[in-house]
Structures are given as structure tokens and as C-alpha cells.
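J.: sequence first, then the predicted structure:
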Amino acid sequence: MAKYTTSKPSWVPDEPNEKFACSVMGGIEGIKDTTVGNINPNLLSGKTKPKRRLVLSEDDYVNGVLKGDRMTLSRAITLIESNNSKHFAKAQRVLQRLLPHTGKALRIGITGVPGAGKSTIIEAFGNMLCDAGHRVAVLSVDPTSSVTKGSILGDKTRMGTLSRRQEAFIRPSPAGGTLGGVARKSRETMLMCEAAGYDIILIETVGVGQSETTVRSMVDFFMLVVLTGAGDDLQGIKKGIMELADAIVINKADGDNLLKAKVARAEYERMIEYIRPATEGWPTHAYMCSAYTKYGIPELWKVIQAFKEMTTESGVFNKRRNRQLLEWMYSMIDEHLHSLFFDDPVITGRMPEVKDAVLNGIISPTQAVKELVNMFDVDMAARRQVDIFHPEAEVKS
Ligand SMILES: Nc1nc2c(ncn2[C@@H]2O[C@H](COP(=O)(O)OP(=O)(O)O)[C@@H](O)[C@H]2O)c(=O)[nH]1
Ligand SMILES: [Mg+2]
């Protein structure tokens, strides 16, 4: 029979220290059955039950989130993200009850090309805010993220210190699906975090497709993180995104790069002059920072605070929030009707024929629309849908 020992190997330091990353736990004494290995004896005897409950009730979710319990919050978000129609209904009921506790956080969006340093800035910025007594939730919106959630690992290491803090909560993008689906889930996740008491929400998004516009429509303050020395052609592409930004942040203003950052800042300042500001009454400017040296990070927070003060006073802050709510509703109606129509078997059945007729000049596109819409029975389509808000789940089944 194998002999168990409770003493540490000789090479383990007595006190924990930085050079020795892992500590060795003592073995468990008194286990008779060598085949089970080192299972917690309390579990074997049934004295300790696993803490995690398999099914939470609606009340469990609501109370847990309101208490700020991270485990419950995580699970509530998983419920929101689920493509199962039963989960959907439950998630919506939970959200409905949490709604009165939402809306008090400051919502900040961060965009920029991959590698610009968004995650590293969030780490520096988030830690500073936590130190100042805030509770920070970090979300990301990435419609390209796959089911395997590959990018999270990278981000969790990028946000190493922040992810370990009690005052911070980091949640990666809901995976895949349509941008509309990802947007709804992210918005509802944001509300959950607010109900759990996070007073600053940071949303990172990659600079692809429409994701910037989506995040802009969720947040109060939107910043664009850029690098130095981007060529003229690149900056042309950014113009559309620049029009969404309340601040342009030139990151990596450190070391040899500082001078280049200053030049870039002046260039961006010149460009901004030709652009309509994203927020009424707030002049967009370019700022420099370094997520490494923390240069410019406290100043960035001052800028955001000034923004909040100014727009609250002028009423622009609330006006935007209200507009965002209505836009959210309208975009969901759009998405809903779109999927009802295009997933309808009658429509998909007739579509090839109608397309041919249009391409061969037999009927005009206007006539084609008229014909298809006349054929479309919205009641039938609604009944056929398994879950109206999850077109992607329908396609898979
Ligand atoms: N020199 C310097 N490098 C930085 C700074 N911020 C981020 N980086 C580096 O830039 C790379 C991309 O950073 P990351 O935060 O992942 O960018 P993201 O894709 O925009 O989220 C990483 O290797 C970072 O270490 C900075 O302020 N200065
Ligand atoms: Mg990142």
C-alpha cells in the first residue's frame, strides 16, 4: 500500500515568496482506498456538499445579483447569453425585476485596432478606478469571437491584476451569432452589472464591421485608441470612427515613442477640426497616454469626469440615454421582423424564382417586394419561430 506523507519536499521554501510560484499542499492522511487518490475526505463522507447549485430560481438570481454576488452575476449573464428559449424567458423576467436598479453607472466604450493597447489601458485605468473606490465591470463586444472564446485567455492575462480584484468583474464577449444578437446580450449584461453595483462599465470592442457603432449606441463616453505613425491612408479609414469618438487617445506614449506620439497628437487635433463632434457641446480632443508608465491615465479620467459634468448639466447626457433606449427598441424590431421574413419557409421557397424574375427584367424590384410581402403571413411566421429573438438558434436546429 502506498504511503502518504504530509511533509513538504525539501525544496519548498517555508514562507511563500515571489520566485516560487506554486505552494505545495499537504497530502491527506488516513485515506484507505488508494484508487480514489486525494479526494477531499469531507466530500467522500458527504459532510460537505458542493456549493454550486445546479438550478437557481428567479428569486435566487435577483437577490444574488442585487447582493453583488459574483457567482450569481456570472450565471445570470450566462442565462442572458443562452440561446435556449426557456432560458430566454427566465432571463427576461430576472432582468425586468432588476431594471429599477440599473442606469446609475457611467458607461465608457473603448475601440481601436487590435494591438492598439485597449486591454492594457483598461487594466491600468480599471486598477486606478478600483483604488479610488469604484467598482468596475469590463465587458467586450466582439461579433467575431468564436464559441471557443479563444481571445479571452489573452485578455485575462492582459488584465492580470484587474481580473483578480474583488472590485472588478471581467466578462468576455458573448460568442458568435449575429451582431444584433451580440448587441442585445451585451446591453443586457451591462444592465445586470449595474444592478450588481458596478458603477463604471468599460466596454472594449474590436475595430471591425459595425461593432463600433453598436458600442457607441450603448455608452455615454466613447474613446478611440490609436497608435503613433499611422499613415495617411490608414487615417482616412478612421474618419468614420473618429466621428463617433469623444476622445482620441494616442497610446504607447512612452520611451522612444513619446516624440512620435506628440506629432500624432497634433495631426489628430488638426483632423478633428473638420469633424462634427460626437457629442453636442463637447469638443473632441486628442490625448496621449501610456498604459505602461500610466502617463496620461489619471488625466483621461479627469476628461471623462468633465464630460459627465458638462453633459449632465446641459441635459445631453440624459437625452442620449433616452435616445439609446429607443434606438435599442427599434433595432430589435428591425432584427425581429427581418428574421421573421427571411426565415419564413414560404418566402425562402419563393425567393429564387423572384430573384430570377428580377434579374431577367421580367418584374421590377418594387413589384418583387410587393409580391413577396403579399405572400408573407406574419402570424404564421411568428408561430413557426421557435424563439423569435434567436434566429441563429433556429438555423442550427
Ligand atoms: N510600449 C507600450 N506598449 C503597450 C502599451 N499598451 C499596450 N502595449 C502593448 O501592445 C500590445 C497590445 O496590447 P493590447 O492591450 O492587447 O491591445 P488591444 O488589442 O487593443 O486590446 C501588447 O503587447 C501590449 O503589451 C503602452 O502603453 N506602451
Ligand atoms: Mg484587447
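T.: That came in fine, so what should we check first? Ligands and ions are numbered 1, 2, ... in the order given.
J.: list, one by one, the residues from the stretch 51-200 of the chain near ligand 2.
T.: 118-119 (C-beta under 5 Å from the ion). All C-beta atoms are positioned from the backbone trio N, CA, C, and that covers glycine.
J.: quick one, strands of the stretch 251-397 of the chain?
T.: 285-288 (DSSP state E, counting those that start in this stretch).
J.: give me the below-cutoff pLDDT ranges for it.
T.: Low-confidence segments of the stretch 251-397 of the chain, defined by pLDDT under 70: 385-397.
J.: show me what residue of it gets nearest to ligand 2.
T.: residue 291 (11.1 Å; C-beta to the ion).
J.: contacts only, for the closest residue to that residue other than its chain neighbours.
T.: Leaving aside its sequence neighbours, residue 291 sits nearest to residue 120 (C-beta to C-beta, 6 or more residues apart in numbering; 3.9 Å). Residues counted as contacts of residue 120 (C-beta atoms under 8 Å, 6 or more residues apart in numbering) are 158, 251, 291-292.
J.: can you pull the poorly scored residue ranges out of the stretch 51-200 of the chain?
T.: Ranges of the stretch 51-200 of the chain meeting pLDDT under 70: 51-53, 145-157, 176.
J.: how are the helices of it distributed by residue range?
T.: 58-67, 70-81, 85-98, 118-131, 150-158, 160-163, 179-195 (DSSP state H, counting those that start in this stretch).
J.: nearest to residue 242, out of these?
T.: For residue 242, the closest of those is helix 118-131, at 16.0 Å, according to C-beta to C-beta.
J.: return the set of buried residues in that closest one.
T.: Buried residues in helix 118-131, defined by neighbour count with 16 or more other C-beta atoms under 10 Å: 118-130.
J.: one more: stretch 92-103?
T.: Buried-residue list, stretch 92-103, by 16+ other C-beta under 10 Å: 94-95, 97-98, 101-102.
J.: if we can go back for a sec, quick check, the residue of the stretch 251-397 of the chain closest to ligand 2 in contact with residue 250.
T.: No: using C-beta atoms under 8 Å, residue 291 is not in contact with residue 250; the gap is 11.5 Å.
J.: distance of residue 301 from residue 357?
T.: 60 Å (C-beta to C-beta, to the nearest Å).
J.: re the thing from before, for the residue nearest to residue 291, give its distance to residue 132.
T.: In terms of C-beta to C-beta, residue 120 sits 19 Å off from residue 132.
J.: what residue in the protein comes nearest to ligand 2?
T.: residue 119 (3.4 Å).
J.: would you confirm that that residue contacts residue 163?
T.: No: using C-beta under 8 Å, residue 119 makes no contact with residue 163, being 10.7 Å away.
J.: distance of the nearest residue to residue 226 once chain neighbours are set aside from residue 184?
T.: Leaving aside its sequence neighbours, residue 226 sits nearest to residue 250 (C-beta to C-beta, 6+ apart; 5.6 Å). As judged by C-beta to C-beta, residue 250 and residue 184 stand 33 Å apart.
J.: over to residue 322?
T.: Residue 322 is 19 Å from residue 184, by C-beta to C-beta.
J.: more neighbours: these two, which one.
T.: Neighbour comparison, residue 322 and residue 184: the larger count goes to residue 184, with 21 against 10 (by other C-beta atoms under 10 Å).
J.: can you get me a residue count around residue 66?
T.: So residue 66, with other C-beta under 10 Å, has 16 neighbours.
J.: residues in contact with it?
T.: 98, 101, 195-196.
J.: tell me the one of the residues you listed nearest residue 363?
T.: residue 98 (50.3 Å).
J.: excluding its backbone neighbours, what's nearest the closest one?
T.: Nearest one to residue 98, counting by C-beta to C-beta, 6+ apart, is residue 195 at 3.9 Å.
J.: likewise residue 354?
T.: Nearest non-adjacent residue to residue 354 (C-beta to C-beta, 6+ apart): residue 368, at 5.0 Å.
J.: I'd say that neighbour and residue 358 touch.
T.: Yes: taking contacts as C-beta under 8 Å, residue 368 lies within contact range of residue 358: 5.1 Å.
J.: what residues does the residue nearest to the residue of the chain closest to ligand 2 when sequence neighbours are not counted make contact with?
T.: The spatial neighbour of residue 119 that comes closest, neighbours along the chain excluded (C-beta to C-beta, 6+ apart), is residue 158 at 4.0 Å. The neighbours of residue 158, taking C-beta under 8 Å, 6+ apart as the test, are 119-120, 123.
J.: quick one: terminal-to-terminal distance for stretch 62-78?
T.: 14 Å (C-alpha to C-alpha, to the nearest Å).
J.: show me what from the stretch 201-350 of the chain comes close to ligand 1.
T.: 251-252, 254, 290-292 (C-beta under 6 Å from any ligand atom).
J.: my bad, should have said the stretch 51-200 of the chain
T.: Counting by C-beta under 6 Å from any ligand atom, the stretch 51-200 of the chain sits next to ligand 1 at 112, 114-120, 158.
J.: again, 5 Å this time
T.: Neighbours of ligand 1 within the stretch 51-200 of the chain, by C-beta under 5 Å from any ligand atom: 114-120, 158.
J.: turn the residues you listed into TSV, including distance to residue 190.
T.: TSV is the format used below for those (distance: C-beta to C-beta, whole Å):
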residue	distance to residue 190
114	22
115	25
116	22
117	23
118	17
119	18
120	22
158	21
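J.: how about the helices in the stretch 201-350 of the chain?
T.: Going by DSSP H, counting those that start in this stretch, the stretch 201-350 of the chain shows helices at 211-216, 232-242, 257-272, 297-314, 316-342, 345-359.
J.: could you look over the ones you listed and pick the most buried one?
T.: Among the helices of the stretch 201-350 of the chain, helix 211-216 has the highest mean neighbour count (mean count of other C-beta atoms under 10 Å), at a mean of 21.
J.: identify the residues contacting that helix?
T.: 109, 111, 141-143, 179, 182-183, 186, 203, 205, 222, 241, 244, 278.
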